[in-house]
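Enquirer: Output the structure for:
(one chain, ligands or ions: 1)
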Amino acid sequence: MDEFIKMLDPALDYVEHISKGQNCLITVESNREVVTCPYCGTESTRVHSVYKREFQDLPIQDYQVVIQIRNRKMFCDNPECDHKTFSERFNFITYKARKTERLIKKILILSSRVSSVSASSMLKSDTAAVSKSTICRLLKKNASDCG
Ligand SMILES: [Zn+2]
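Expert: Just a heads-up that it's a prediction; the model follows:
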């Protein structure tokens, strides 16, 4: 399981997972010792707090995967910075997004071939619970027509 998590980002460590029916909830945490402030680029090692954040990812075998990260909020110690604290960011997911970039890519590829209704039902059966309206929103964001 740790290998799968490292494929998403080597900065993540596997903590535990619970599988229930068709779903698998995987808990992960960051192993970075220093985190860079996205606003000013200053490195920080001081943790302000930790909060839970959940997002959907690609399935493993027949399990639909939801990853829960113990996301850290760090202090920015740069007195010139406008932000006293910031959340740790990752390349595999946009800040505040609920799906990983690789899942979004898969959704967009599928939706370019079939209608969003078909794409939604195909994804629900073997990938992740994604509604038609979510697909339309993703398509619009990526400047394609929504069918
Ligand atoms: Zn800063």
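
Enquirer: Please enumerate the helices of the protein.
Expert: Along the chain, the segments classed as helices by DSSP state H run 2-8, 101-113, 116-126, 132-141.

Enquirer: Next, the buried residues of the longest one.
Expert: Put plainly, it is helix 101-113. 103-104, 106-108, 110-111 (16 or more other C-beta atoms under 10 Å). Backbone N, C-alpha and C define where each C-beta goes, glycine included.

Enquirer: likewise the last one?
Expert: Of the residues in helix 132-141, 132, 134-136, 138-139 count as buried by neighbour count, 16+ other C-beta under 10 Å.

Enquirer: returning to what we had before: out of the helices of the chain, which is closest to the ion?
Expert: Of all those, helix 101-113 sits nearest to the ion, with 24.3 Å by C-beta to the ion.

Enquirer: can I get the CA coordinates of the closest one in CSV?
Expert: Taking C-alpha atoms only, helix 101-113 is exported to CSV below (Å, rounded to 0.1, in the frame of the first residue of the first chain):
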residue,chain,number,x,y,z
GLU,A,101,-5.1,15.3,-10.9
ARG,A,102,-4.6,11.8,-12.2
LEU,A,103,-8.3,10.9,-11.5
ILE,A,104,-9.4,14.2,-13.2
LYS,A,105,-7.3,13.2,-16.2
LYS,A,106,-9.0,9.8,-16.4
ILE,A,107,-12.4,11.4,-16.1
LEU,A,108,-11.6,13.9,-18.9
ILE,A,109,-10.3,11.2,-21.2
LEU,A,110,-13.4,9.1,-20.8
SER,A,111,-15.8,12.1,-21.1
SER,A,112,-14.2,13.1,-24.4
ARG,A,113,-15.3,9.7,-25.8
